[in-house]
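Asks: Need the 3D shape of this:
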Amino acid sequence: MQRQKVKIEQFLQKKVLGKDNDGGYVIPIELIEVTDVLMGYGISDDISFERDFTKRYNKTSYGFDCGIKNIETGDLNCHFLSECIGTSDYLYNNQVLSGKISSFSEQRQRLKLINKKILIKMDIEGAEYEVIDDILKYSKDITGIVIEIHHIKNSMFQEKILNLLYSIDQNFILVHLHGNNGYCEAVYNIPNTIELSYINKNLVDYYQISSNQKHPLPIDQPCIKYKPDCEFEIKLE
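Replies: Residues are numbered from 1 along each chain as shown. A predicted model of the protein is given here:
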């Protein structure tokens, strides 16, 4: 796995949306300002990121998970949909499925999001490799991507991971990286599960590789509160 693909660029102000620890993600403030709608995939029973986005910025958000029947969001502009993105082949067998699985293209059409600027947040436990191409077809309308990458240690997934990172890298800049401390044992000096935050290249005029590739950063919080966060460094070459 090429570590070059997970070197962060350091040039934007960032903030955390969502609840403390697991469920909160770091994104650039500039990205939020130009986003019309948030699409959050694989939220389980935690819609805190979507609700926070809507509450703070008065913008529409959607949280998706077909393993959950219903979530009360407490906000008319924050919506929960009991459906998943992708195909049932990549869903956990122990989920109680709603039977509703659809593509990003179909969701975008059905929810009347054509020409809307969309922020993607995705934690779908390995299915991200199968759905990313359909999402990236609409890169010009996607302001950013927040994605959790799984199974880095598993050699069966490493080619898929690299392909995904290369695909995203065509039109997006990596601005934040955090290791999920559920499993800090590193492969290629990278934790087994990582959270990545990207911004569309069209939204920035200048960027360069950060001289500080040590993690975690002060803005980060451990996903599991009672465990130390993952400490690692991506070497500049």
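
Asks: got any ranges where this protein has weak pLDDT?
Replies: Along the chain, the model assigns pLDDT under 70 to residues 1-11, 87-99, 236-237.

Asks: who are the neighbours in contact with residue 36?
Replies: 59, 60, 113, 116, 117, 118 (C-beta atoms under 8 Å, 6 or more residues apart in numbering). Where you see a C-beta, it was placed from the backbone N, CA and C, and this is true even at glycine.

Asks: you'd agree the first one is up against residue 35?
Replies: This points to residue 59. Yes. Using C-beta atoms under 8 Å, residue 59 is in contact with residue 35, at 6.6 Å.

Asks: what about those two, which has more around it?
Replies: Neighbour tally, residue 59 and residue 35, criterion other C-beta atoms under 10 Å: the higher count belongs to residue 35, 22 against 17.

Asks: and residue 233, how many neighbours does it have?
Replies: 10.

Asks: Please verify my assumption that it contacts residue 211.
Replies: No. Assessed by C-beta under 8 Å, residue 233 is found out of contact with residue 211, at 11.7 Å.

Asks: and stretch 131-148, how far out from the chain's middle?
Replies: The chain centre lies 10 Å from the centre of stretch 131-148; the measure is C-alpha atoms, centre = their mean, to the nearest Å.

Asks: ok, and for it, which residues are buried?
Replies: Neighbour-count burial for stretch 131-148 flags 131-132, 134-136, 139, 142-148 (criterion: 16 or more other C-beta atoms under 10 Å).

Asks: quick one: which of those residues is nearest residue 72?
Replies: Using C-beta to C-beta, residue 146 is the member of the buried residues of stretch 131-148 that sits closest to residue 72, with 23.4 Å.

Asks: In which helix or strand does the closest one reside?
Replies: Using DSSP states H and E, the element containing residue 146 is strand 142-149.

Asks: which helices and strands does the following helix or strand past that strand pack with?
Replies: Using DSSP H and E, the next helix or strand after strand 142-149 towards the C-terminus is helix 155-169. On a contact count with 3 or more C-beta pairs under 8 Å, 6 or more residues apart in numbering; DSSP states H and E, helix 155-169 meets helix 128-136, strand 142-149.

Asks: If we use 6 Å, what do you get?
Replies: Using 3 or more C-beta pairs under 6 Å, 6 or more residues apart in numbering; DSSP states H and E, the elements in contact with helix 155-169 are helix 128-136.

Asks: Off-centre distance for the helix it packs on?
Replies: Counting by C-alpha atoms, centre = their mean, helix 128-136 comes out at 12 Å from the chain centroid.

Asks: Could you do stretch 124-140 as well?
Replies: 11 Å.

Asks: what residues does it touch?
Replies: 41-42, 85-86, 90, 103-105, 122, 150, 160, 164, 167, 171 (C-beta atoms under 6 Å, 6 or more residues apart in numbering).
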